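A.B. asks: Got a predicted structure plus its sequence, pasted below:
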Amino acid sequence: MKIETRLTPATIAIYTEKLSEALSIVPEITEALTWLNENPSLFIDILEEYLMLLSHIDNLEESHVQIITAADRLRQERNIKKNSASHISMEEFLHAIESSDEILSDLAHQAFSADTLNLDQALQQLATLMSNGHKMFERGGTPMDGDPASDSVIWGHTQFKKDIKPEVATHFIVSHFLSQYFLYALKEHAILKEKDDFFVPLTSALLLHMVTSSEKLSITEAWSTPRPEGGLGWLTEDRIATYKDAVTKGE
C-alpha cells in the first residue's frame, strides 16, 4: 500500500541541493545528480518508495516477521550471500529498534525535508566513502573482506554500466544515503555499527514487499536487474526465492 504523499519539490529542495553539493566530487553519478535536480517529482516518487518500505518496517505484523525469519534461515541453509557485508541480523535489528521507540519512516522524512542535524554528517560521510571508492578504482584496487581500507569505501558506483539509467543510479545514491544517515540517526541506541548494516532491514522490507504485494516499485527493478543489464544486481533470483519459499511453506 502506498503511503500518503508527504513530500513536495519545496520540502526536498534543501535536501536535493545538499545531496548534489556533497556528491559533486563523485564523477560516476554526475548524470544521476543532474537527473534528480531536473526531475524533482520523479525523485520524490523514488524517495516515497523508500519511505513506504521504512513504514512497513515500523508496522511489521507477526506473520511478516515469521516470513523474514524463515527466509533468512533458508538463505543460510542454501549458502546464499547477503547483498551487504553486514553481520547484523534482521531479528537483532527489529529487537533493537523496538526497544528504541524510534520510527524509521519519520526519521527518513526528516532527512528528506532537511529537518535534522544528522543530515550534513551523513552526506559528508557518504561523499567520503564514495570518493574513496572512486580513488581506489582509479588506482586499480579492489575492496577485500578483512581489509581495513575497504571498510572506508563505497564501491558499487565504480562498476556502473556506462549507459546506466540515472534513475537506477539514483536508487544507489538514496539507499546508500539512508545507510549512512541511520548510522547517525540511531547512534544513541547503538543499533547499527557498520556502514552497510542498514541494508539488512532495507533489503528485508523490499523482499517482503515483493512476495506479499502486487504493487510494482521502481526499487524492485533497480535492485533485481543484473548489473550487466543496467541494474544494481543486488537481489539475485536465489535470494528472492527464499522469500517466495518462506511464504509457500507458511501457508
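C.D. replies: Arrived safely. The structure displayed is predicted, hence computed values, not measured ones.
A.B. asks: Neighbours of residue 223, how many?
C.D. replies: Residue 223: 24 surrounding residues under other C-beta atoms under 10 Å. For every residue, glycine as well, the C-beta is placed using N, CA and C.
A.B. asks: List the buried residues of the host helix or strand of it.
C.D. replies: Counting by DSSP states H and E, the element that carries residue 223 is helix 218-224. Along helix 218-224, these residues count as buried under the neighbour rule (16 or more other C-beta atoms under 10 Å): 219, 220, 221, 222, 223, 224.
A.B. asks: Next SSE downstream of that helix?
C.D. replies: Heading towards the C-terminus - elements assigned by DSSP H and E - helix 218-224 is followed by helix 237-250.
A.B. asks: So which other helices or strands are in contact with that next one?
C.D. replies: Identification of packing neighbours for helix 237-250 by 3 or more C-beta pairs under 8 Å, 6 or more residues apart in numbering; DSSP states H and E yields helix 62-77, helix 199-212.
A.B. asks: right, so those helices: which one is the most enclosed?
C.D. replies: Per-residue neighbour counts averaged over each of the helices and strands packed on helix 237-250 give the maximum for helix 199-212, namely a mean of 22 (mean count of other C-beta atoms under 10 Å).
A.B. asks: centroid residue for this structure?
C.D. replies: For the chain, the residue nearest the mean C-alpha position is residue 175 (2.8 Å; C-alpha atoms, centre = their mean).
A.B. asks: show me the contacts for residue 169.
C.D. replies: When contacts are counted by C-beta atoms under 8 Å, 6 or more residues apart in numbering, residue 169 is found next to 28, 29, 31, 32, 157, 160.
A.B. asks: Most neighbours among these, which one is it?
C.D. replies: Of all the contacts of residue 169, the most densely surrounded is residue 32 (26 neighbours; neighbours counted as other C-beta under 10 Å).
A.B. asks: Mind putting the helices and strands packed on helix 237-250 into a markdown table with distance to residue 235 and mean pLDDT?
C.D. replies: Formatted as a markdown table, those follow (distance: least, C-beta to C-beta, whole Å; pLDDT from 0 to 100):
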| stretch | distance to residue 235 | mean pLDDT |
| --- | --- | --- |
| helix 62-77 | 12 | 94 |
| helix 199-212 | 7 | 96 |
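A.B. asks: so which of the ones you listed gets nearest residue 123?
C.D. replies: Residue 123 lies closest to helix 199-212 among the helices and strands packed on helix 237-250, at 18.1 Å (C-beta to C-beta).
A.B. asks: Now do the closest one against helix 62-77, angle only.
C.D. replies: Put simply, helix 199-212 runs at 110 degrees to helix 62-77, going by axes from the mean of the first three to the mean of the last three C-alpha atoms, to 10 degrees.
A.B. asks: Alright, that wraps it up for me.
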